[in-house]
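Asker: the sequence and its predicted three-dimensional model are supplied below.
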Amino acid sequence: MKRVNIAELTVFVTECLRSTGLSDADCCVTSEALVSTDVLGVFTHGTKLLVGYLKKLQAGGYPISAVPRIERDGPAWAIVDGSAGLGQVGSTFALQTAVRKAKQFGVAFVALRNTGHIGAAGHYALQAAKAGCLAMVTGNDMPSVAAPGSTKAVLGSNPLAYAIPTGGDPVLLDIATAAVAGGKVYAAYQRGESIPATWLIGPDGLPTTDGSLYPYEAALAPMAGHKGYGLGLWCEVLSALIPGGAMTWQVGSWIFDAPSKPSLHNASFFVADVDAMTDRVVFNNRMKSLIDEIHAAPTANGIASVLIPGEREFQSARDASLNGIALPEDVRMKLRECADVVSCSVPEFLKVLL
């Protein structure tokens, strides 16, 4: 597979966004969020999402003039209204607000309501870690995940991510509270791959391997049963209930609804400044000691080392920086569709597989 240069992909994504009339600043924020997610190898939440966002921007579901604003706040907290705009724009504003307050008061909690689909929650946690802070990010979505014992979706595949600075690569975890992200079901089905029996719950409340049933006749299974269900509910409270945002079925589908409709997503950002609580050198040394201890754990046959959350992603990022991004064909297909949506020529790096 011919790899894609990071800079070339960034230029294409930025130009597609700019064609809708979006401001240069918002184009940069959004393209950086999408491309950097591909760089980490998380292709379900990177530039594959762009075509859906472009349609929303063109039709007004995500207003190009939307400006997130602090609706109410205190010294270490804030509620942000995303003005129905792009989730990457609203989330970046909310995260920056949380980091700024945490740098002043040690900790901060910022909830974001009325925004677009936020993409990869881990992207924002990672930005906080790069600023020297611990972070936890949550989001909510239209229900697609069953609860234990239910025959239909009850909660969204509400994401939960955290990042921890270490002095080197941060520790980074980004998970759906479903057994699997819905995008992975779509991707596997589109590629003709079988669906594991642990991914979906059919209309009878039992596991199914039929990917064609999702999302209309099947729901995602909750991660780890009742544990994932409980975490998904926690994400719903932090992201939507506290700021007064849309909950469960009040949230729209950014994929399937008319592109002229807002999706009413929500998110939350908890940030803690390491320097406010402990000596940075001591913290980094203790993190290194913890990581070294985990790396040294005995392993099963064929396993070189126990990995820390994020290690694979940062190795993918180093490889992409040196050799380009190995974009899967389903992502390339979506990017070629972007060129049709904005009526621009298909760039050379996408033509090779036509």
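Answerer: That came through, no problem.

Asker: could you use CA atoms for every contact and neighbour count after this?
Answerer: OK.

Asker: report the buried residues of the host helix or strand of residue 290.
Answerer: With elements taken from DSSP states H and E, the one containing residue 290 is helix 280-295. Burial within helix 280-295, assessed by neighbour count using 16 or more other C-alpha atoms under 10 Å, is assigned to 280, 283, 284, 287, 291.

Asker: quick check: pLDDT value at the second one.
Answerer: Right, the one you point to is residue 283. pLDDT, residue 283: 98.

Asker: the last one now?
Answerer: The confidence metric pLDDT takes the value 98 at residue 291.

Asker: skip the chain neighbours and tell me the closest residue to it.
Answerer: Leaving aside its sequence neighbours, residue 291 sits nearest to residue 308 (C-alpha to C-alpha, 6 or more residues apart in numbering; 7.1 Å).

Asker: geometric centre of this structure: which residue is closest?
Answerer: residue 120 (1.2 Å; C-alpha atoms, centre = their mean).

Asker: tell me how far that residue lies from residue 248.
Answerer: 19 Å (C-alpha to C-alpha, to the nearest Å).

Asker: after the helix or strand of the chain with the lowest mean pLDDT, which helix or strand is next? Please name it.
Answerer: The helix or strand with the lowest mean pLDDT-type score in the chain, counting by mean pLDDT, DSSP states H and E, is helix 182-190 (a mean of 83). Counting by DSSP H and E, the next helix or strand C-terminal to helix 182-190 is strand 200-201.

Asker: right, and the helix or strand after that next one?
Answerer: Assigned by DSSP H and E, the successor of strand 200-201 is strand 207-208.

Asker: quick one: list the elements packing against that following strand.
Answerer: Secondary-structure packing of strand 207-208 (3 or more C-alpha pairs under 8 Å, 6 or more residues apart in numbering; DSSP states H and E): strand 200-201.

Asker: partners of the strand it packs on, with directions?
Answerer: strand 207-208 (antiparallel), strand 219-220 (antiparallel) (DSSP bridges).

Asker: what helices or strands is whichever helix or strand comes after the last one leaning on?
Answerer: Following the chain from strand 219-220 toward its C-terminal end, the next helix or strand by DSSP H and E is helix 226-236. Counting by 3+ C-alpha pairs under 8 Å, 6+ apart, the packing neighbours recorded for helix 226-236 are strand 133-140, strand 159-164.

Asker: direction included, what does the longest one pair up with?
Answerer: What it means is strand 133-140. Within its sheet, strand 133-140 is paired with strand 159-164 (antiparallel), strand 265-273 (antiparallel), according to DSSP bridges.

Asker: brilliant, that's me finished.
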